[in-house]
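**Q** Fold the stuff below for me.
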Amino acid sequence: MLHKIPADLKQAITANPKVRAVWEDITLLARSEWICWVTSGKKVETRKIRIEKALSKMKGGMRRPCCWAGCPHR
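**A** All right, here's what the predicted structure looks like:
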């Protein structure tokens, strides 16, 4: 299942050209996994932290979330 990107994550990705370049280069499945990882945090604070971590990891060239069991919706 492919997830729809939420507005806060989309805004964060588009605000950073390096992250946006990685995002545009990864597969739809990889995008969906980033979205699921970010949105699976239930608390607002957790979600904000995950968005920042996702941006940092994508800036470093990481293409998929690491150390995560994966999207349970597949």
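
**Q** quick one: low-confidence ranges for this protein?
**A** Across the chain, the ranges flagged by pLDDT under 70 are 1, 73-74.

**Q** Go ahead and flag the most central residue of it.
**A** residue 34 (3.0 Å; C-alpha atoms, centre = their mean).

**Q** So for the helix or strand containing that one, what gets flagged as buried?
**A** If you go by DSSP states H and E, residue 34 is part of helix 28-39. By neighbour count on 16 or more other C-beta atoms under 10 Å, the buried set for helix 28-39 is 30-39. C-beta: built from backbone N, CA, C; applies to glycine.

**Q** same check, this time on stretch 37-54
**A** Neighbour-count burial for stretch 37-54, counted by 16+ other C-beta under 10 Å, picks out 37-39, 47, 50-51, 54.

**Q** Let me have those in a markdown table, adding distance to residue 26 as columns.
**A** Formatted as a markdown table, the buried residues of stretch 37-54 follow (distance: C-beta to C-beta, whole Å):
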| residue | distance to residue 26 |
| --- | --- |
| 37 | 13 |
| 38 | 14 |
| 39 | 17 |
| 47 | 20 |
| 50 | 17 |
| 51 | 16 |
| 54 | 12 |
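
**Q** hang on, the earlier thing: only C-alpha atoms, please: export the helix holding residue 34 in PDB.
**A** The C-alpha trace of helix 28-39 is given here as PDB (Å, rounded to 0.1, in the frame of the first residue of the first chain):
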ATOM      1  CA  LEU A  28       7.500   5.000  -4.600                       C
ATOM      2  CA  LEU A  29       7.900   2.100  -2.100                       C
ATOM      3  CA  ALA A  30      10.800   3.900  -0.400                       C
ATOM      4  CA  ARG A  31       8.700   7.100  -0.200                       C
ATOM      5  CA  SER A  32       5.800   5.200   1.200                       C
ATOM      6  CA  GLU A  33       8.100   3.700   3.900                       C
ATOM      7  CA  TRP A  34       9.400   7.100   4.900                       C
ATOM      8  CA  ILE A  35       5.800   8.400   5.100                       C
ATOM      9  CA  CYS A  36       4.700   5.400   7.200                       C
ATOM     10  CA  TRP A  37       7.700   5.600   9.500                       C
ATOM     11  CA  VAL A  38       7.000   9.300  10.200                       C
ATOM     12  CA  THR A  39       3.200   9.000  10.600                       C
END
